[in-house]
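Participant: How does the following fold in three dimensions:
(one chain, ligands or ions: 1)
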Amino acid sequence: MARGIKTMRTRLKKIIKTSKRKNAIAVKSSKTLKSSSVKSPVKRMKVSPRKKSPSKTVKKTSSRKAILRKVSVKGAGPIRKISVKKIAVGTSKKIIVRKKKTEAEKAKIKVLAKKKLKKIRANRPDFLEDKKYNEFLLSVVGEEGIEVAENVSFEEISDVELAEGMDLKANIIRKYLYALYEVGVVTYRRHRSKTGWYTYYWKLHPERIDMALNEIAGKDINYYETELRQERENQFFTCKNREECGRVIFDHALETEFRCHKCEKKLEFTDNSNIIEGLEKDLARLKS
Ligand SMILES: [Zn+2]
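Facilitator: As a prediction, the model looks like this:
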């Protein structure tokens, strides 16, 4: 026990010397002093010549707090500076996270968003009733996505307003909006607030649905026309396992001496008039 106190004393001496640096060790020393003062205040006095009365113990604690404060301020100083800098550059997310909206503010935003959406739906554009457009949008974003599309107006609306008004998560709203953007039906404008936070305002462009539809139809028409030409210009041959082996054109059948290149069974001429008929119908539908 006595040896223990002795080592503690030497340790404390060392610690007090370094305490001038006001670093983490200083904090540790005051901790040790405090615990030893409970057991033996006299000893503590001896090893701590700077302290002249037991009342200093209180002061010690307060000075420890002061050190802690200093350390923390000292430590936090540059870190805080960096974070401020970062915010100034544009990592505004931090600000948004810190400035959490109160429940009342949130409720107000929701009410306003719902009002706006109600107004938009009241002036719902006619084109959404069009079956062709509806089918197209359905193929792009699905049913939930169509609801989002219906709430995007000719006037701008932010994805946050859409999320609040539709009780959907903002990331889900954005997923649909980006899909609609990809096919060119909506456009967006990015606005940067004073806090550096970006808001995206979306706008509907129904006239672009026509463009998108024409583009898709154009691709389909090209495809069907090529297929039809091939069917008309060629004679096809098949084996008995048509489903598995497929068809070959006359030139290829000749090369293999009218034997299937897969199962080696005999190849026979196969009528493709029903295929041609089907392609003609598809084309007519696309061009209408
Ligand atoms: Zn075959």
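Participant: Tell me the predicted confidence for the residue of the stretch 51-200 of the chain found nearest the ion.
Facilitator: Among the residues of the stretch 51-200 of the chain, S139 lies closest to the ion, at 36.8 Å counting by CB to the ion. Any C-beta I mention is one placed from the backbone N, CA and C, and that applies to glycine too. With respect to pLDDT, S139 scores 88.
Participant: Could you pull out the strands in the protein for me?
Facilitator: 157-158, 186-192, 198-204, 236-238, 247-249, 268-270 (DSSP state E).
Participant: can I get these in JSON lines with distance to the ion and mean neighbour count?
Facilitator: What follows is those, written out as JSON lines (distance: least, CB to the ion, whole Å; neighbours: other CB atoms under 10 Å):
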{"stretch": "strand 157-158", "distance to the ion": "59", "mean neighbour count": "20"}
{"stretch": "strand 186-192", "distance to the ion": "51", "mean neighbour count": "14"}
{"stretch": "strand 198-204", "distance to the ion": "53", "mean neighbour count": "17"}
{"stretch": "strand 236-238", "distance to the ion": "8", "mean neighbour count": "20"}
{"stretch": "strand 247-249", "distance to the ion": "9", "mean neighbour count": "18"}
{"stretch": "strand 268-270", "distance to the ion": "11", "mean neighbour count": "13"}
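Participant: With mean pLDDT added, can I get those strands in a markdown table?
Facilitator: Output for those, formatted as a markdown table (pLDDT from 0 to 100):
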| stretch | mean pLDDT |
| --- | --- |
| strand 157-158 | 91 |
| strand 186-192 | 92 |
| strand 198-204 | 90 |
| strand 236-238 | 96 |
| strand 247-249 | 95 |
| strand 268-270 | 96 |
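Participant: As CSV, those with distance to D220 would be great.
Facilitator: Output for the strands of the chain, formatted as CSV (distance: least, CB to CB, whole Å):
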stretch, distance to D220
strand 157-158, 33
strand 186-192, 24
strand 198-204, 25
strand 236-238, 23
strand 247-249, 22
strand 268-270, 26
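Participant: quick one: average pLDDT of stretch 120-134?
Facilitator: On average, stretch 120-134 scores 77.
Participant: start to end distance for it?
Facilitator: Stretch 120-134 has an end-to-end distance of 18 Å (CA to CA, to the nearest Å).
Participant: Could you list the buried residues of it?
Facilitator: For stretch 120-134, burial by neighbour count (16 or more other CB atoms under 10 Å) applies to I120, L128, Y133, N134.
Participant: Ok, stretch 145-157 next?
Facilitator: Here stretch 145-157 shows G145, I146, V148, A149, E150, N151, V152, S153, E156, I157 as buried, counting by 16+ other CB under 10 Å.
Participant: Identify all contacting residues around it.
Facilitator: 116-117, 120-121, 123-125, 128, 134, 137-138, 141, 162, 165-166, 168, 173, 176-177, 179-180, 185-186, 189, 201-204 (CB atoms under 8 Å, 6 or more residues apart in numbering).
Participant: if we can go back for a sec, include distance to R285 when you put the buried residues of stretch 120-134 into a markdown table, please.
Facilitator: Converted to a markdown table, the buried residues of stretch 120-134 look like this (distance: CB to CB, whole Å):
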| residue | distance to R285 |
| --- | --- |
| I120 | 34 |
| L128 | 23 |
| Y133 | 17 |
| N134 | 18 |
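Participant: where do the helices sit along the stretch 151-288 of the chain?
Facilitator: 159-166, 170-182, 207-233, 242-245, 250-255, 273-287 (DSSP state H, counting those that start in this stretch).
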